[in-house]
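1. After the sequence you'll find the predicted model.
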Amino acid sequence: MTAQILARLAFLCVCFLAAGCQTYSLVQPARVTVGDKLSIEPDIAWNKRSIENAEIWTVDGEALQALHLYKGLEDGDTLFVLTNSEKQEKMPQYSKTMSLLELREFIEASIVQSGFTNLKSLKFKPTKFADKDGFRFEFTFSNTNGLRELGFAAGAQSGDRLYLVLYRGAKLHYYGKYLKNVEDMIRSVQLAWASAIL
């Protein structure tokens, strides 16, 4: 076995043994579909777990870096689902009527409501996402342990849904470790549009 495969097996074993840890599965470097519309092509293997409206991918563990792939947020959906019910009630909700700037504010407010601090947004700009008119912006924040993280969000609305990719990681080493791989994956994103909105 290669060192990379052994590292992944060790990561998965830790997760299975940890109390309350989610089950991860291995994503091979080939085009995969997330939900019923979004597909993406990784060039390295990732570990993934599924949540209500997204998949979360990581190589070294979510505390170090994570790629959030949203299947298509609908009216009333939140970006994150928190275990604290009081905080969850205050979590911003997506609306299909949001402008690009309001989408940025929605993402920013969701990050802050999740308990992260010192959020600063950078380089917001309209851009193409899967050949649709979308947006991208970068951000920095401090996580609940005080660790500084970097990240970016890129996405587009189509029909009534928001398709979004959010990547974040520890500023020291882990954000940049797979940044090129993630950038290549963003360029590979495709959306299978329903005939009703073509």
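-> That came in fine, so what should we check first?

2. Could you use CA atoms for every contact and neighbour count after this?
-> OK.

3. where does the protein dip in pLDDT?
-> Applying pLDDT under 70 to the chain picks out residues 1-22, 193-198.

4. Might you report the residue contacts of the residue lying closest to Pro42 once chain neighbours are set aside?
-> Closest residue to Pro42 apart from its sequence neighbours, by Cα to Cα, 6 or more residues apart in numbering: Pro29 at 4.9 Å. Contacts of Pro29 were listed using Cα atoms under 8 Å, 6 or more residues apart in numbering, and they are 41-45.

5. The same query, at a cut-off of 6 Å, please.
-> With contact set as Cα atoms under 6 Å, 6 or more residues apart in numbering, Pro29 has these partners: 42-45.

6. Drop anything exposed from the residues you listed.
-> Burial by neighbour count, judged by 16 or more other Cα atoms under 10 Å, picks out 42, 45 from those.

7. Please tabulate the contacts of Pro29 in TSV, including the columns secondary structure and distance to Leu166.
-> Output for the contacts of Pro29, formatted as TSV (DSSP: H, G, I helix; E, B strand; the rest coil; distance: Cα to Cα, whole Å):
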residue	secondary structure	distance to Leu166
Pro42	coil	15
Asp43	coil	18
Ile44	coil	18
Ala45	coil	18
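
8. Let's have the contacts of Pro29 in CSV, adding distance to Pro126.
-> Below are those laid out as CSV (distance: Cα to Cα, whole Å):
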residue, distance to Pro126
Pro42, 24
Asp43, 26
Ile44, 28
Ala45, 30
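
9. Which member of the contacts of Pro29 is positioned nearest Arg136?
-> Nearest to Arg136 among the contacts of Pro29, counting by Cα to Cα, is Pro42 at 19.6 Å.

10. how far away is that closest one from Ser95?
-> Distance, Pro42 to Ser95, using Cα to Cα, to the nearest Å: 30 Å.

11. Nothing else from me, thank you.
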